[in-house]
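*Asks:* what follows is a predicted protein model with its sequence.
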Amino acid sequence: MTFPPEALSKRFGQATFLLFGMAAAVYPFSVAFTNIALGSALGLGLVSGQFAQGCRWLWKNQRAFSIIWMIYLALLPLGLIWSPDRSWGLHIVGRQWYWLIIPLACVVLTIPKNRHYFLFMLSAGLSLHLLFSVGQMLDIIHFTKDGSSNMDPTGHIGHIGFGFVYGVWAGWLLHRGMLWQGWKRWGSWVLAAWAITMIFLAAGRSGYLIAVVLLFLVLWKILRIQPWIKATVIMLMFAGILAALLLGPGEQRLAWTWHSIQEMEHGDFRHAEARWSLWYAAIEAWRTHPVMGVGTGGYRAAAEKIKQTHPKLWYGGPAPAHPHNMYLLDLCRWGPAGLLVLIALLVMWVRTGGKLDWRYTDAGSLIMLPGMALAVHSLSEPSLEEHFSGILAALLLGAGLAILREGAGKKECPLCLPHAMRQEARQPTMNEVKNFTSRCQPCGQSSLLSPAP
């Protein structure tokens with residue numbers, strides 16, 4: 001049986017969407033299956049033309065963001081030219097494939113039904129994984145891996161990515177709950193509270209910081225009260241979280257951090273956390289190659305060489321592939337230009353979501369929250385190159401941009417048409433036209449709303 005090109009392309013599109021849903025459901029449990037599902041979806045997207053369609057839309061509507069992304073991704077293979085370890089550099093380049101999912105997600109998730117199904121499957125998978133982590137904590141489920149145990153209940157994700165994943169998810173649920181009514185609102189807020197509680201029962205210090213920053217950000221964006229009341233509520237929330245940290249399982253991790261700082265004040269690398277030595281090695285590696293850096297994949301070789309001239313450094317074993325800091329990693333391997341490109345990428349990412357109106361859709365939170373989480377997580381991990389943080393950020397960014405793409409194709413843009421007008425079926429006033437359409441990113445056309453005579 002043969003199909004015309006249009007029918008075949010439609011079937012490919014349906015298969016791509018199903019693969020997105022499957023990847024979302026198993027994302028917390030299986031790295032291999034997630035990669036297979038998303039890799040297959042990317043292949044189908046290339047064949048069906050959806051990937052190219054998404055690239056064209058991004059270039060037309062998010063050109064500055066697209067350019068900075070292309071520069072950043074181009075630095076990865078270019079850095080191989082002067083890298084002392086090209087084999088490892090090639091491995092790093094190969095692991096960045098999931099960023100190609102963004103333009104595909106813009107197209108696949110443009111249809112609201114598809115996007116809602118995808119986010120439901122992702123939330124279902126994350127909820128089941130939270131149950132798994134509770135079972136692990138109570139010793140009902142016996143599961144142990146690096147960075148995950150009954151004393152550090154982070155399931156299959158591990159404590160490095162656990163706080164990132166659930167901090168972003170909880171922040172989105174808080175915002176999504178504001179847009180819903182009834183049991184959906186309270187259900188999403190209960191899930192968000194559960195996720196935040198599990199973050200602070202784990203041992204990932206970066207996760208604590210991500211949760212606090214994202215909670216602060218979401219509350220600041222959605223609380224419709226006087227600024228001083230808003231600031232007071234947020235400060236009280238911050239004080240409560242700090243008290244929970246000092247009295248809960250995070251106390252030992254924070255005490256160890258404080259001890260490391262004190263040891264470093266005396267120049268004692270041996271009794272401080274290995275992270276300090278790794279950061280020092282990254283800075284020294286950059287100082288030896290101040291313009292171009294050591295290239296993609298060159299940090300490990302550079303750190304080993306620096307340790308020979310600085311025997312007081314302690315890495316906790318052989319030199320790792322990164323210094324547990326995305327900013328220092330890019331400075332080390334590409335010089336100041338690489339660091340500036342990374343900062344510009346994250347700033348533009350956060351700004352793209354932050355300038356949207358959060359009162360009518362969740363496009364702003366889907367874009368801004370993973371970008372902000374990456375910026376915070378990059379202080380302690382190579383967040384853009386970690387499986388769990390990188391894939392979630394790519395998928396949610398694609399979903400948020402898909403809402404913008406949906407709005408650009410509608411006669412009544414969902415991001416600029418006020419909710420009251422939709423409900424009351426009335427014409428907007430001149431002031432409403434000016435206020436709402438001036439902030440509309442997808443359409444940007446005041447002609448979509450005609451003022452009342």
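*Replies:* Yes, it's here. Residues are numbered from 1 along each chain as shown.
*Asks:* so what's residue 217 up against?
*Replies:* Contacts for residue 217 (C-beta atoms under 8 Å, 6 or more residues apart in numbering) come out as 171, 368-369, 372. (Each C-beta comes from the backbone N, C-alpha and C, glycine too.)
*Asks:* what about 10 Å?
*Replies:* Contact partners of residue 217, counting by C-beta atoms under 10 Å, 6 or more residues apart in numbering, are 171, 175, 234, 350, 353-354, 365, 368-369, 372-373.
*Asks:* cool, and residue 112?
*Replies:* 361, 402-403, 406, 414.
*Asks:* from residue 402, how far off is it?
*Replies:* Using C-beta to C-beta, to the nearest Å, residue 112 is found at 9 Å from residue 402.
*Asks:* before we move on, the earlier item: nearest to residue 294 among the contacts of residue 112?
*Replies:* Closest to residue 294 out of these is residue 402 (38.0 Å), distances taken as C-beta to C-beta.
*Asks:* quick one: contacts for the residue lying closest to residue 281 once chain neighbours are set aside?
*Replies:* Taking C-beta to C-beta, 6 or more residues apart in numbering, and ignoring the residues beside it in sequence, residue 281 has residue 303 as its nearest neighbour in space, at 4.2 Å. For residue 303, the contacting residues are 277-278, 280-282, 284-285, 294, 313, 315, 318-323, 332, by C-beta under 10 Å, 6+ apart.
*Asks:* so for residue 303, what's the pLDDT?
*Replies:* Predicted confidence (pLDDT) for residue 303: 89.
*Asks:* in terms of helices and strands, where is it?
*Replies:* Using DSSP states H and E, residue 303 sits in helix 299-309.
*Asks:* check which helices and strands the lengthiest helix in the chain sits against.
*Replies:* Longest helix in the chain, counting residues (DSSP state H): helix 326-354. For helix 326-354, the packing partners by 3 or more C-beta pairs under 10 Å, 6 or more residues apart in numbering; DSSP states H and E come out as helix 63-78, helix 205-222, helix 274-288, helix 299-309, helix 363-377, helix 387-408.
*Asks:* now do the fourth one: distance to the chain's middle.
*Replies:* Think helix 299-309. Centroid separation for helix 299-309 versus its chain: 31 Å, with C-alpha atoms, centre = their mean, to the nearest Å.
*Asks:* which residues touch residue 387?
*Replies:* Residue 387 sits in contact with 27, 31, 34-35, 95, 98, 157-158, 160-161, where contact means C-beta under 10 Å, 6+ apart.
*Asks:* residues touching the residue nearest to residue 172 when sequence neighbours are not counted, list them.
*Replies:* Closest residue in space to residue 172, ignoring its immediate chain neighbours: residue 365 at 5.1 Å, by C-beta to C-beta, 6+ apart. Counting by C-beta under 10 Å, 6+ apart, residue 365 touches 168, 171-176, 178-179, 214, 217-218, 221-222, 353-354, 356, 358, 396, 400.
*Asks:* related to what we said a few turns ago, how about the helix holding residue 303: buried residues?
*Replies:* For helix 299-309, burial by neighbour count (16 or more other C-beta atoms under 10 Å) applies to 299-303, 305-307.
*Asks:* out of the contacts of residue 112, which comes closest to residue 125?
*Replies:* For those, the nearest to residue 125 is residue 402 (19.4 Å; C-beta to C-beta).
*Asks:* burial check on that closest one, number of neighbours?
*Replies:* Residues near residue 402, counting by other C-beta atoms under 10 Å, number 26.
*Asks:* who touches it in this structure?
*Replies:* 54, 57, 102, 105-112, 114-115, 118, 363, 366.
*Asks:* do that again at 7 Å, thanks
*Replies:* Residues near residue 402 by C-beta atoms under 7 Å, 6 or more residues apart in numbering: 105-106, 109-110, 115.
*Asks:* got JSON lines for those, with distance to residue 77 too?
*Replies:* Formatted as JSON lines, those follow (distance: C-beta to C-beta, whole Å):
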{"residue": "105", "distance to residue 77": "23"}
{"residue": "106", "distance to residue 77": "24"}
{"residue": "109", "distance to residue 77": "28"}
{"residue": "110", "distance to residue 77": "30"}
{"residue": "115", "distance to residue 77": "32"}
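*Asks:* make a markdown table out of these and add neighbour count and distance to residue 83.
*Replies:* What follows is the contacts of residue 402, written out as a markdown table (neighbours: other C-beta atoms under 10 Å; distance: C-beta to C-beta, whole Å):
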| residue | neighbour count | distance to residue 83 |
| --- | --- | --- |
| 105 | 27 | 31 |
| 106 | 28 | 32 |
| 109 | 27 | 36 |
| 110 | 24 | 39 |
| 115 | 23 | 40 |
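*Asks:* which ones among those are found in helices?
*Replies:* 105-106, 115.
*Asks:* closest to residue 327 out of those residues?
*Replies:* Minimum distance to residue 327 across the ones in helices among the contacts of residue 402 is 26.6 Å, recorded for residue 105 (C-beta to C-beta).
*Asks:* quick check: nearest residue in space to the closest one, chain neighbours excluded?
*Replies:* Spatially, and ignoring its direct neighbours in sequence, residue 105 is nearest to residue 398 (2.4 Å; C-beta to C-beta, 6+ apart).
*Asks:* and for residue 150?
*Replies:* Going by C-beta to C-beta, 6+ apart, residue 150 has residue 139 as its nearest residue, at 5.1 Å.
*Asks:* the residue nearest to residue 370 when sequence neighbours are not counted: neighbouring residues, count only.
*Replies:* Nearest residue to residue 370, sequence neighbours excluded (C-beta to C-beta, 6+ apart): residue 393, at 3.9 Å. Counted with other C-beta under 10 Å, residues neighbouring residue 393 total 27.
*Asks:* now swap in residue 114 and tell me
*Replies:* 21.
*Asks:* same question, residue 147
*Replies:* 16.
*Asks:* need the contact list for it.
*Replies:* Residue 147 touches 154, 158-160, counting by C-beta under 7 Å, 6+ apart.
*Asks:* now do 10 Å
*Replies:* 154, 157-162, 202-204 are the contacts of residue 147 under C-beta under 10 Å, 6+ apart.
*Asks:* out of these, which are inside helices?
*Replies:* 159-162.
*Asks:* take those and lay them out in a markdown table including pLDDT.
*Replies:* Shown next, in a markdown table, are the ones in helices among the contacts of residue 147 (pLDDT from 0 to 100):
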| residue | pLDDT |
| --- | --- |
| 159 | 84 |
| 160 | 88 |
| 161 | 92 |
| 162 | 94 |
